Every structure is written in C-alpha cells, then in structure tokens.
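# one predicted model, sequence on top.
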Amino acid sequence: MTAASYQRILGANDRVQVGFIGYGLIGRQHVYDFKNQKYVDMAAMCEAHQPRLEEGLKECGPNAKGYRDFRKMYENKDLQAIVVSTPDHWHAMMTILACAAGKDVYVEKPMTLFIDEGKWMIAAARRYKRVVQVGTQQRSGLHYQKGTKLIREGYLGKVIDVRMNSTRNITPGFGSFAEGTAPSELDYEAWLGPAPKRPYHQMRGLYHFRWFWDYSGGQMTNLGAHHIDIVQWAMGVKAPNLVTSVGGRLVLRSDGDVPDTQETVFQYPGFVASYSMREAATGRRGAGLEFIGNKASMVIDRGGFEILPELKIDPNNAVPQFKGHSSGGVQRSDTKPTPYTQAMKEPGSSEQQFDLHVRNFLDCMKSRQRPIADVEDGHQVATACHLANISLRLGGRSVRWDSDKEQVVGDREAAAMMRRPYRAPWDKVLAELKLG
Ligand SMILES: NC(=O)c1ccc[n+]([C@@H]2O[C@H](COP(=O)([O-])OP(=O)(O)OC[C@H]3O[C@@H](n4cnc5c(N)ncnc54)[C@H](O)[C@@H]3O)[C@@H](O)[C@H]2O)c1
C-alpha cells in the first residue's frame, strides 16, 4: 500500500466507493446513513464477527464484498473511503493504514485510546493528504451550529463555567462471566489487534469493550467526548491547561475496570468546566451540557437548545436583609430586575446530525477541504478526556498540560501514560511508518 494507490480527484457527481469496518451498534447506523446518500456505492464490509459480516453485507447490497481482514480490504484500490466503527483500540491503526493506502476515513469517536495515537493519526492524514472526519456528529447538528455561533458572538456574555453530565443507574451492571474460549463466530485475535492479549470472556467483545481500560477510556471518552467536543469548539480552545479527576468503581461489581463514578474539573484559559459521570445513581437530572455566561446560560443537547437570560439587578438588592441594615449599611433600591438578553429555544434532531455529518465527509472528499470534525479536533477532544483519566488513575493528582507543546508539565508518571505499547505485529507496522 503506497502512494501509488492514491485516488484521483473526485468530481461533484462521481460515485464514491465506501468500505465499512465494524457492523455493531454504530456501524449499522453508518451503513444506513451512507446508503441514503447520493453518489455512494456500498462497496465493502469487514467484520471480525461472522453473523454481523453477513448481516452487514445483506444491508449493503449485492455488490458489496465481504472481508474478515481489513488489510485485505485496503488492497481493493477501488475503495476511496473507509468507515471505522470498531472499538476504540483499533481506531488509530485502521485510520493510519487507510491513509497510507490512499483512502479517506470516517472514524468513530473517541478518536484514540491514548494521546500519542492522535499525533500519529494527524501525521498520517497530513502526509498522505487524506480527509479524516471524526464521528462527533453533533457538530453537524444545525442547532449546535447556531448555538455555538451565539456563544462565540457573546450572546451569553462571558462564559465562565460549563457543566457537563452523563448520569444513569445501571446497577448491578451487565454481569460477570467466566473466562473461556471465544465463540468460533468471532475472530477474537482480530478483535484484540494491538490491545494486550487477554483470555476471552463475554464482556471482552461486542459492545461491552467499553468497561475496560484495555479498549476504552470508559464513559469519559465514550459520552464525555461528545460534550467536550462541543465545549472546545464553541469556546475556541484547543485543550484544558489543568485537569483533576476523582472517582472509581464504587458500586458496580460486574466485569470491567473503568469507573462508575467520576467527577472532573477542567481549567481552560478563561473559564472552568466540570463533568459529572455516574453509572449507578441518576440523581436529579442535570442538563447534559450547560454553558453559563454572565448574561445568559444555554442548555444544549441533541434535542435542541434553550437560552435562559440572567437578570440585571441592583447589587445592593442582592445583600441579605434580615432585620435591615443599621445606619451606614447597604440600602436597597426599588430597581426592577431586567433580563440581559432574550430567552430563546431551538429544536434539534439526532437523525439529522448523523446524516449531515456523513454528507460533510463526502463533500470534503470531493473539495479536499478539512471536514467539520477534522482529525486535529478529534485529537484535541480525546486529549482532554485522556488527561482526565490519567488524573483519575493517578489517584486524583492534578495534571498540567501545555497545549502548544502537547506535553504534560512536570509529572513524568503522567507523561508516560500518554503512550501505550502495541501488541505484535502492530508495534512493527506502526514503527515502519515512522510517524513520530
Ligand atoms: N458517534 C456516536 O454517537 C457513537 C455511538 C455509539 C458508538 N460510538 C463509537 O463507535 C465505536 C464502536 O462502538 P459500538 O457500540 O458500535 O461497538 P460494537 O461492539 O457494537 O461494534 C464494533 C464492531 O467492530 C467489530 N470489530 C472489532 N475489531 C474488528 C476488526 N479487527 N475487524 C473487523 N471488525 C472488527 C466487532 O466485531 C463489532 O461488531 C466505539 O468507538 C464507540 O465509542 C459512537
């Protein structure tokens, strides 16, 4: 797979040959979304799980070719785009090799499993001049675009605080399973890929990979990545400069090692952000994402946004009265509170976001522009999430980050956690590409 396999420039009405890797929860959605687009040929499907491969091929249609090994699929020079919907531990390797094979990539979020992977992915995308769109599809939601524009224009005044929440109660969890051999229908070796070799059990596989550090960053990178993406995009920042995260697996006894409870504070230039994640207690339902400014706040999620104005008051009227002030104390006035801005509500739709995100990717394949959720954006979002998990795994130690140098400041142990080893042969495959 060399530069010789680069695709020619596509015209606006040229058809695009798309190959899919992974036909799971989100892989199915992508097949549906790409199939609905004009000028797309559903050309190939790669799956490590045989029944899913068959289902995916059926959905793609009679012209799609099936693969168990994505490297074989990449040898197909007709393919111009690859959609990576595998667990997180495969995202970087599959994206890098697709770029090297001259293919554009739509890769799911979180873009990476550890920070340095993002640097390698950016290097590969730029070296091979590929379009890489990350699956943070909320950016394509029209109400997210309108809402973030209002934030940038100052409608909320100065945004000083952002609150993020993902809470639910899934006690007792998804169960505990004995180790055994993988079912013959799953190619477990292919599924594991660059991740550490571990004995198979039911949770180390389809969907439940999310509960293990080996393949995922837990809900911080799964759900938190969507929130943090909107925060960094709206606020025009690359990364936090200080992150502190505490929590643990406090309730769930089911298989897995990522936390079920996690509280994180991010210090960004000019504002603070916090993320509450709970898997075993919903609590009072807070807004998924709330931007708090000194003139208004905005609650925004996939269903829409709502702006609630702050009230302008006489500060003297905010002072408690009790029995009133003695001489010389604060005197209240009869100034009436007035809203700083107008309240506003805007609906949104999840379906529309997925569809528009795919369209943006296909448009960029033709224009060769950077997509709305470019590989650099995906790296920056994942970095914020990984820094939080590094802090958590170091017992809540604050981690300082230099976003220009992309380095942890003054903490060797934390810095060492920016990288993990790949299992053979993927360590060698990566090294041969000399991406840094
Ligand atoms: N953007 C979103 O809203 C959204 C929603 C859900 C999931 N996701 C992301 O999508 C990714 C997949 O999540 P999921 O819930 O669909 O997982 P899943 O386990 O349901 O599906 C992943 C599929 O990838 C296949 N796979 C694994 N290794 C493979 C290999 N080497 N070759 C071919 N196929 C392989 C598995 O067999 C499985 O069918 C995750 O990174 C997740 O964070 C994003």
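Thanks, I have it.
# ok, which stretches of this protein are helices?
25-35, 50-60, 70-74, 91-100, 115-127, 142-152, 188-192, 218-222, 224-235, 350-367, 375-393, 412-416, 426-433 (DSSP state H).
# of all the ones you listed, which lies closest to Ser176?
Closest to Ser176 of these, according to C-beta to C-beta: helix 218-222, at 17.7 Å. In this view, the C-beta of every residue, glycine as well, is placed from N, C-alpha and C.
# which other helices and strands contact that closest one?
strand 261-268, strand 271-278, helix 375-393 (3 or more C-beta pairs under 8 Å, 6 or more residues apart in numbering; DSSP states H and E).
# buried deepest among the ones you listed, which one?
Highest mean neighbour count among those (mean count of other C-beta atoms under 10 Å): helix 375-393, with a mean of 26.
# for it, what does the pLDDT average out to?
When pLDDT is averaged along helix 375-393, the result is 98.
# number of residues surrounding whichever residue of the chain sits closest to the ligand?
For the chain and the ligand, the shortest gap (C-beta to the nearest ligand atom) falls at Gly24, measuring 1.9 Å. Residues near Gly24, counting by other C-beta atoms under 10 Å, number 18.
# look up how far Asp229 lies from Lys109.
Distance of Lys109 to Asp229, given as C-beta to C-beta, to the nearest Å: 7 Å.
# looking at these two, which one has more neighbours?
It is Asp229, of Lys109 and Asp229, that has more neighbours when counted by other C-beta under 10 Å, with 26 against 23.
# how about the contacts made by the more buried one?
Lys109, Thr136, Gln138, Arg139, Ala373, Asp377, Val381 (C-beta atoms under 8 Å, 6 or more residues apart in numbering).
# ok, and of these, which contact the ligand?
Lys109 (C-beta under 6 Å from any ligand atom).
# where does the chain come near the ligand, residue by residue?
21-27, 46-49, 52, 70, 85-88, 90, 108-109, 135, 137, 190-191, 193, 206-207, 222.
# of these, grab the buried ones for PyMOL.
To isolate the buried members of the residues of the chain next to the ligand in PyMOL, using 16 or more other C-beta atoms under 10 Å:
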select buried, resi 21+22+23+24+26+27+46+47+48+49+52+70+85+86+87+88+90+108+109+135+137+190+191+193+222
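# would you reformat the helices of the chain as a markdown table and include distance to Ser274?
Compiled in a markdown table, those are given as follows (distance: least, C-beta to C-beta, whole Å):
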| stretch | distance to Ser274 |
| --- | --- |
| helix 25-35 | 27 |
| helix 50-60 | 38 |
| helix 70-74 | 38 |
| helix 91-100 | 27 |
| helix 115-127 | 21 |
| helix 142-152 | 17 |
| helix 188-192 | 35 |
| helix 218-222 | 13 |
| helix 224-235 | 11 |
| helix 350-367 | 25 |
| helix 375-393 | 11 |
| helix 412-416 | 20 |
| helix 426-433 | 35 |
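# of these, which is nearest Phe291?
That would be, of the helices of the chain and by C-beta to C-beta, helix 142-152, which comes in at 5.9 Å.
# which parts of that closest one are buried?
His143, Tyr144, Gln145, Gly147, Thr148, Leu150, Ile151.
# OK, contacts around the last one?
Which is Ile151. Val159, Ala234, Met235, Phe291, Gly293, Met298.
# wait, which of those residues is closest to Leu435?
Met235 (29.5 Å).
# tell me who's in contact with that closest one.
Ile151, Val159, Val162, Tyr268, Phe271.
# of those residues, which pair is most distant in space?
Ile151 and Tyr268 (13.4 Å).
# so where is this protein shaky, pLDDT-wise?
Scanning the chain with the threshold set as pLDDT under 70 gives 1-8.
# my read: Asp377 touches Gln133, true?
No - with contact defined as C-beta atoms under 8 Å, Asp377 does not reach Gln133; the gap is 9.7 Å.
# ok, the residue lying closest to Val84 once chain neighbours are set aside - contacts?
Counting by C-beta to C-beta, 6 or more residues apart in numbering, Val107 is the residue found nearest to Val84 once chain neighbours are left out, at 4.2 Å. Residues counted as contacts of Val107 (C-beta under 8 Å, 6+ apart) are Val83, Val84, His91, Met94, Thr95, Val132, Gln133, Val134, Gly135, Gly378.
# now with 10 Å?
Residues in contact with Val107 (C-beta atoms under 10 Å, 6 or more residues apart in numbering) are 21, 82-86, 90-92, 94-95, 98, 121, 132-135, 373, 375, 378.
# repeat for His379
Contacts of His379 (C-beta under 10 Å, 6+ apart): 111-112, 115-122, 125, 132, 134, 238-239, 406.
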